[in-house]
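> structure here, sequence nowhere to be found:
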C-alpha cells in the first residue's frame, strides 16, 4: 500500500490519543466516515472502532450514512420532498434519527465513550426563539454557553443529542 496524500475534499482525520466522546454526523457533501471525534471534530475511520452488527462489520452505519445523505440531498435539491426530508433530519423521533440514535447507543456500548447524534435544523422563527428551545427528547434546557466546533449550539448529555441554531435564523434569511 502506498499513501499518496490526503483527500482535499475531506476533513483531517482525528489524531487524538483519547476521544472524550464521538459524534454521528454527516451531510450530503461529506465523503469521509460519519463518525467524528468530539475533541477535534476530525473524522474517525470505522476500522478504528468495533463492529456494530452481527456480521462483524459497519455496514449498518454505512447504510444509515447513505440514507442520511439521500435525505439531505432531497432537502437541498427539491421543493416537493423538502418538508419530509427536513423532518427526517431534524426530528429526534423520525425513522432516520431513531435508526441513527440506536447506532450511536450500540457504538457507545462498544467504545465506552459517549456517542452523540446530530439533529440538523434549517428552519426557525427567531434567534431568541431558537435559543429558548428545549431538548426535543426530554424537554430540558440544552443551549451551550459556547458553540461546540462552531456548529453545535445545543448539546444534551443525558439524551446524547447535538443540534444547531436553525440555519435560516443564523443566516438571517
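Arrived safely. Since the structure is predicted, the reported quantities are computational estimates derived from the model, not experimental observations.

> which secondary element of this structure has the worst mean pLDDT?
helix 167-170 (a mean of 82; mean pLDDT, DSSP states H and E).

> in that one, what's buried?
residue 169 (16 or more other Cβ atoms under 10 Å). Backbone N, C-alpha and C define where each C-beta goes, glycine included.

> equivalent analysis for stretch 148-156, please.
148, 152-156.

> check stretch 74-86 too.
So, applying 16+ other Cβ under 10 Å, buried residues of stretch 74-86: 74-75, 85-86.

> looking at those residues, which are in strands?
Among the buried residues of stretch 74-86, none falls in strands (DSSP state E).

> what's the longest helix seen in the chain packed up against?
Secondary structure of the chain per DSSP state H: the longest helix is helix 59-77. Applying 3 or more Cβ pairs under 8 Å, 6 or more residues apart in numbering; DSSP states H and E, one finds that helix 59-77 contacts helix 82-90, helix 95-111.

> would you mind giving those as a markdown table with distance to residue 31 and mean pLDDT added?
Output for the helices and strands packed on helix 59-77, formatted as a markdown table (distance: least, Cβ to Cβ, whole Å; pLDDT from 0 to 100):
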| stretch | distance to residue 31 | mean pLDDT |
| --- | --- | --- |
| helix 82-90 | 19 | 95 |
| helix 95-111 | 19 | 97 |
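
> I'd like these as JSON lines, with distance to residue 40 appended.
Converted to JSON lines, the helices and strands packed on helix 59-77 look like this (distance: least, Cβ to Cβ, whole Å):
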{"stretch": "helix 82-90", "distance to residue 40": "24"}
{"stretch": "helix 95-111", "distance to residue 40": "16"}
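
> select, out of those helices, the one closest to residue 28.
With Cβ to Cβ, the closest approach to residue 28 among these belongs to helix 82-90: 10.1 Å.

> which secondary structure elements does the closest one contact?
Helix 82-90 is packed against helix 59-77, helix 95-111, with contacts defined by 3+ Cβ pairs under 8 Å, 6+ apart.
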